[in-house]
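>>> structure for the following, please:
(chains A and B)
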2 protein chains.
Amino acid sequence: MIDRTDALEDFTPYLMNRIIARYNKGVEDALAEAGVSVAQMRALAVLAQGGPCTVNELSVLTVIKQSTLSRTLDSMEAAGLIRRVAETGDSRFRRIHLTDAGRAAHDRAWPAMTTMRDTMLSALDPQDRETLNTMLMRIFYDIRHHDF
Amino acid sequence: MIDRTDALEDFTPYLMNRIIARYNKGVEDALAEAGVSVAQMRALAVLAQGGPCTVNELSVLTVIKQSTLSRTLDSMEAAGLIRRVAETGDSRFRRIHLTDAGRAAHDRAWPAMTTMRDTMLSALDPQDRETLNTMLMRIFYDIRHHDF
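Modelled structure (predicted):
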């Protein structure tokens, strides 16, 4: 679309914002065809691959604001994809669990995510992909232990 | 904050979304102290380092929706930071130019951005940072030539 040389392309966070914006748009389009929202897919992925968690945790892990996420979880509960289970009788601390139907929905939709991931990374060979992921993991574990 | 092992950490776009969300939050906080919004800073950076462009281009380059960006540009124009200059008498194709005051605002605020970038990348030595940026650039140039 725009093809002039990009003055900010040495600025790593700029590149990451540009790449991830385009990736997220691609995911939104791909999932829309499958009738799943991005927020739902992220919640399904975190719950299926990481296990039950609170809405606070899920908000961080899905990078979705709590207000948006709460609405998403309401619709997922109504559709029978998740259950909210109170911990030790305190309804403020409920954990969100995937139902069998939720897991099935995850398993149906996840292949579209790996396809999008592979499209995003198609410029890199398998070894470079591994190197990239390792570097991103080092950044991730470093910054999560700081007040940024 | 949340320290359990992250089941999705092999999924590169997930890591990028988590990292960039935290980085963007850090930038928002740092710029708030300087009285600049993230949208303003992105517009200043693209215009100062890339030159004049249309609102369409600026929307892509700043990763900000046109509706939000238009309001940001209104406030920047009112503050004397930018000018909108009509091309060949057609007011639909106006280019946005930085004023001298806009360039000065950029030069004052930009060091905070490089500081945040360095904080984000502090787990990596200079050579790894270079490698990371090069790989991201390859991804970026690859995906921008596809319909994702």
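
>>> nearest spatial neighbour of the spatially most central residue of chain A, chain-adjacent residues omitted?
Nearest to the mean C-alpha position of chain A, by CA atoms, centre = their mean, lies residue A:42 at 3.9 Å. In this structure, residue A:42 finds its nearest non-sequential neighbour in residue A:62, 3.9 Å apart by CB to CB, 6 or more residues apart in numbering or on different chains. In short, each C-beta sits where N, CA and C put it, glycine included.

>>> neighbours of the one you found, how many?
27 (other CB atoms under 10 Å in any protein chain shown).

>>> and if you look at residue A:23?
With neighbours defined by other CB under 10 Å, the count for residue A:23 comes to 22.

>>> do residue A:115 as well
The burial metric for residue A:115, expressed as a neighbour count using other CB under 10 Å, is 13.

>>> pretty sure it is in a strand, no?
No - looking at residue A:115 with DSSP: H, G, I helix; E, B strand; the rest coil, it is helix, so not inside a strand.

>>> skipping adjacent residues, who's closest to it in space?
Excluding the flanking residues, the one nearest residue A:115 by CB to CB, 6+ apart is residue A:30, at 7.5 Å.

>>> the one you found touches residue A:116, doesn't it?
Yes - checked against CB atoms under 8 Å, the pair residue A:30 and residue A:116 is within contact range at 5.9 Å.

>>> could you point out the longest strand of chain A?
Of all the segments of type strand in chain A, defined by DSSP state E, the longest one is strand A:90-98.

>>> helices or strands up against that one?
Strand A:90-98 is packed against helix A:38-50, helix A:55-62, strand A:82-87, with contacts defined by 3 or more CB pairs under 8 Å, 6 or more residues apart in numbering or on different chains; DSSP states H and E.

>>> 7 Å instead, please
Counting contacts by 3 or more CB pairs under 7 Å, 6 or more residues apart in numbering or on different chains; DSSP states H and E, the secondary-structure elements packed against strand A:90-98 are helix A:38-50, strand A:82-87.

>>> redo the ones you listed as TSV? Include distance to residue A:73 and mean pLDDT.
Formatted as TSV, the entries for the helices and strands packed on strand A:90-98 read as follows, by distance: least, CB to CB, whole Å; pLDDT from 0 to 100:
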stretch	distance to residue A:73	mean pLDDT
helix A:38-50	7	95
strand A:82-87	6	91
